[in-house]
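[1] Here you go, sequence then predicted model.
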Amino acid sequence: MGFLSRMLRHKSVEQLQGEASRRGDFRRVLGLWQLTAIGVGGIIGVGIFVLAGQQAAANAGPAVALSFLIAGAGSACAALCYAEFAGLIPVTGSAYTYGYAVLGEFVAWIIGWDLLLEYALVVAVVAIGWSGYVQVLLASAGLHLPEWAQQSMSPQTMHYYLQQIFGVHGTAVVAPSDGHRFNVIAAAVSVGVAILLTVRMEVGARFNTAIVAIKVAGVLLVIGVGAFFIHAANWHPFIPPRVFDAQGVGHFGWAGVLTGASVVFFAVFGYDTLTTAAEEAKHPQRDLPRAVLLSLAVAMVLYVAVSLVITGITHYSNLNGDASVSQAFAAIGLHWVSVAIAAAAVIGVTSVLFAFMLGAARIWFALARDGLLPGWFAKVSPRFGTPARPTLILGVFTAIVAGLLPIGEVAELVNIGTLSAFIIICSAVLTLRIRQPQLPRTFRMPWIGFLAPLGIAFSLLLIFGLPWPDAAGWQRIGGLPVVTFERFLIWLALGLVIYFAYGIRHSRLEEQAG
């Protein structure tokens with residue numbers, strides 16, 4: 001088999017369906033509502049409790065609701081594609097597996113490798129936001145962590161220490177004046193969720209469903225109480241005029257709305273995580289498409305409503321914090337609501353950690369089961385029936401990232417890989433519909449010739465958009481800083497090294513061909 005042929009080899013849909021029916025790696029224990037709870041739990045979290053306020057303060061003003069709608073429109077196109085694939089190929093691996101079936105092994109590896117990082121970083125972002133709400137609750141009880149343990153280092157502090165370790169490059173950075181060093185709470189919750197996910201799946205699923213219910217109740221509290229304290233003057237101007245800060249970085253205007261959309265985009269996906277649990281669903285071909293669409297619809301209604309409420313009850317400039325929704329109610333004197341929201345966030349946001357760590361571990365498992373990573377990672381725990389090895393390693397990795405890095409640095413890196421996955425999914429579902437229209441599909445994406453290309457266009461817009469110049473120069477591509485693309489390319493290059501050094505030679509398809 002030639003080198004190019006090895007990169008393009010793929011598993012047929014029929015082969016994947018046959019493998020799914022024969023395999024018994026996981027126990028099928030998840031019904032429709034548990035799958036939907038994983039989806040809703042994965043979508044509603046740090047975006048509604050943290051990033052909505054932060055992006056209103058930093059980039060979009062009251063128009064952060066438009067940022068969510070822009071991101072949600074692109075996400076909806078991808079959700080329809082996921083729904084069709086989930087009913088057609090109910091196999092662990094989600095976008096990685098779908099890409100393997102249609103576009104070949106190399107593209108599948110790239111998207112699986114990217115999603116492994118993106119899902120892990122979502123866990124880190126959410127853990128950082130979760131830590132902020134825990135500290136609001138602790139402060140209300142008169143308890144405070146030592147300053148070094150409250151937050152991660154600032155970018156300036158990290159730059160300073162890197163210069164001390166590797167030598168000075170460019171302008172020397174002054175010694176840090178703050179005492180923040182490591183976010184202990186964010187690191188601890190990352191490890192805790194990893195341990196929870198190593199026990200039986202039905203135990204974790206019941207726990208997740210309960211905390212999703214608490215979280216939704218907290219969101220409804222924000223909307224129900226906040227609606228009585230809205231002042232329309234806080235919505236004017238709805239899109240604040242473009243301004244530049246002292247460093248020359250631009251904020252607000254339509255460019256700021258796009259920037260906000262690119263950052264909050266990761267908050268309007270999460271339904272894809274439930275598709276990684278396909279082999280644990282009782283009726284995957286029936287329930288997975290329904291759960292994908294139902295979870296996104298519920299989440300979008302709540303996101304837009306909360307965005308309008310929090311920017312209506314206080315000026316958007318007051319929302320730039322790690323617990324922005326609680327701060328909005330504290331700013332108008334409703335401290336009891338602030339504490340109740342913080343409690344709901346602390347309990348409810350753990351479902352996001354659950355969903356994305358579950359997704360990352362299952363993608364890692366699928367890559368190893370197909371031979372693209374060492375088979376040691378594809379061993380299911382004989383006691384618990386879960387992929388314990390990749391789950392626990394992810395717990396340690398996300399703990400380090402959440403403890404050391406600021407939330408903004410991590411959130412921006414999350415989106416580029418996920419948007420790339422959406423492009424692959426939208427392309428693959430259209431390609432497969434053209435190649436094999438006769439395949440039995442439990443869900444057929446409507447208007448696929450229009451919506452699939454629209455999903456690709458939305459994703460490209462959010463990745464690249466128009467290059468918005470800041471006063472200091474061309475520092476952003478679309479809504480994302482250039483440095484985000486540099487870091488993404490470094491991770492991609494590492495993935496290429498692993499694939500060509502190991503994966504292409506140890507692939508299960510290579511063994512079958514031999």
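    Done, it's in.
[2] so where's the stretch 101-250 of the chain uncertain?
    150, 152-180 (pLDDT under 70).
[3] One more pass at 80, please.
    129-130, 132-133, 136-137, 140-141, 143-181, 200-205, 245-249 (pLDDT under 80).
[4] Over to the stretch 401-514 of the chain?
    405-419, 461-488, 511-514.
[5] the strands in it, which residues?
    Here the stretch 401-514 of the chain has its strands, by DSSP state E, counting those that start in this stretch, at 476-477, 480-481.
[6] do the same with the chain
    243-244, 250-251, 476-477, 480-481 (DSSP state E).
[7] mind checking the longest helix of this structure?
    Identified as the longest helix of the chain according to DSSP state H is helix 105-140.
[8] Now that one: buried residues?
    105-137, 140 (16 or more other Cβ atoms under 10 Å). For every residue, glycine as well, the C-beta is placed using N, CA and C.
[9] Give me the distance from stretch 493-512 to the chain's centre.
    Computed by Cα atoms, centre = their mean, to the nearest Å, the chain-centroid distance of stretch 493-512 equals 26 Å.
[10] Flag every buried residue along that stretch.
    Buried-residue list, stretch 493-512, by 16+ other Cβ under 10 Å: 495, 499, 503-504, 507, 509-510.
[11] just curious, which of those is nearest to L302?
    G495 (35.0 Å; Cβ to Cβ).
[12] can you pull the contacts of the nearest residue to S351 once chain neighbours are set aside?
    In this structure, S351 finds its nearest non-sequential neighbour in G41, 3.0 Å apart by Cβ to Cβ, 6 or more residues apart in numbering. The contact partners of G41, taken as Cβ atoms under 8 Å, 6 or more residues apart in numbering, are 208, 211-212, 215, 270, 348, 351-352, 354-355.
[13] TSV please, covering those and showing neighbour count and distance to E280.
    Formatted as TSV, the contacts of G41 follow (neighbours: other Cβ atoms under 10 Å; distance: Cβ to Cβ, whole Å):
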residue	neighbour count	distance to E280
N208	25	12
I211	20	19
V212	29	17
K215	27	22
G270	29	17
G348	26	22
S351	30	16
V352	33	19
F354	26	13
A355	33	13
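[14] Share the number of residues neighbouring W376, please.
    Neighbours of W376 under the rule other Cβ atoms under 10 Å: 9.
[15] wait, R200
    R200: 15 surrounding residues under other Cβ under 10 Å.
[16] pretty sure it contacts A388?
    No - using Cβ atoms under 8 Å, R200 is not in contact with A388, being 11.3 Å away.
[17] List the residues that contact I456.
    422-423, 426-427.
[18] try it again with 10 Å
    By Cβ atoms under 10 Å, 6 or more residues apart in numbering, I456 lies in contact with 74, 77-78, 81, 419, 422-427, 430.
[19] how close does it get to A101?
    To A101, I456 is 18 Å away according to Cβ to Cβ, to the nearest Å.
[20] Now render the contacts of G41 as a markdown table, adding distance to F49.
    Putting these into a markdown table (distance: Cβ to Cβ, whole Å) gives the following:
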| residue | distance to F49 |
| --- | --- |
| N208 | 17 |
| I211 | 13 |
| V212 | 14 |
| K215 | 9 |
| G270 | 14 |
| G348 | 8 |
| S351 | 12 |
| V352 | 10 |
| F354 | 16 |
| A355 | 15 |
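[21] and those residues, which of them are in helices?
    Filtering the contacts of G41 for helices - DSSP H - leaves 208, 211-212, 215, 348, 351-352, 354-355.
[22] which other residues reach stretch 489-509?
    So stretch 489-509 is contacted by 1, 3, 6-7, 9-11, 15, 100, 105-106, 109-110, 112-114, 116-118, 367-375, 413, 416-417, 420, 510-511, 513 (Cβ under 10 Å, 6+ apart).
[23] could you redo the last one with a cut-off of 6 Å?
    6, 9, 109, 113, 117, 370-372 (Cβ atoms under 6 Å, 6 or more residues apart in numbering).
[24] What of stretch 387-399?
    120, 123-124, 187, 190-191, 194, 197-198, 357, 360-361, 364-365, 377, 381.
[25] Can you flag the buried ones in the residues you listed?
    Here, 16+ other Cβ under 10 Å leaves 120, 123-124, 187, 190-191, 194, 197-198, 357, 360-361, 364-365, 377 buried among the contacts of stretch 387-399.
[26] Which of these sits closest to W447?
    Of those, the one sitting nearest to W447 (Cβ to Cβ) turns out to be A360, at 32.0 Å.
[27] excluding its backbone neighbours, what's nearest that closest one?
    The nearest residue in space to A360 (Cβ to Cβ, 6+ apart) is Y119, at 3.7 Å.
[28] if I read this right, the one you found contacts R362, doesn't it?
    No - judged on Cβ atoms under 6 Å, Y119 makes no contact with R362 at a distance of 9.4 Å.
[29] mind checking how far A73 is from Q34?
    On the measure of Cβ to Cβ, A73 and Q34 end up 28 Å apart.
[30] Settle it for me: which of these two has more neighbours?
    For A73 and Q34, the more surrounded residue by other Cβ under 10 Å is Q34, and the numbers stand at 24 against 15.
[31] can you tell me which residues contact the more buried one?
    So Q34 contacts 205, 209 (Cβ under 6 Å, 6+ apart).
[32] Tell me how far it lies from A65.
    Distance from Q34 to A65, by Cβ to Cβ: 30 Å.
[33] same question, L196
    Taking Cβ to Cβ, one finds L196 at 34 Å from A65.
[34] likewise F228?
    Counting by Cβ to Cβ, the gap from F228 to A65 is 19 Å.
[35] So for these two, which residue has more residues nearby?
    A65 (25 against 7).
[36] For the contacts of G41, which two are the farthest from each other?
    That would be I211 and G270, which, of the contacts of G41, are the farthest apart (Cβ to Cβ) at 14.4 Å.
[37] ranges for the helices of the stretch 51-200 of the chain?
    52-55, 64-88, 95-102, 105-140, 147-150, 155-166, 184-198 (DSSP state H, counting those that start in this stretch).
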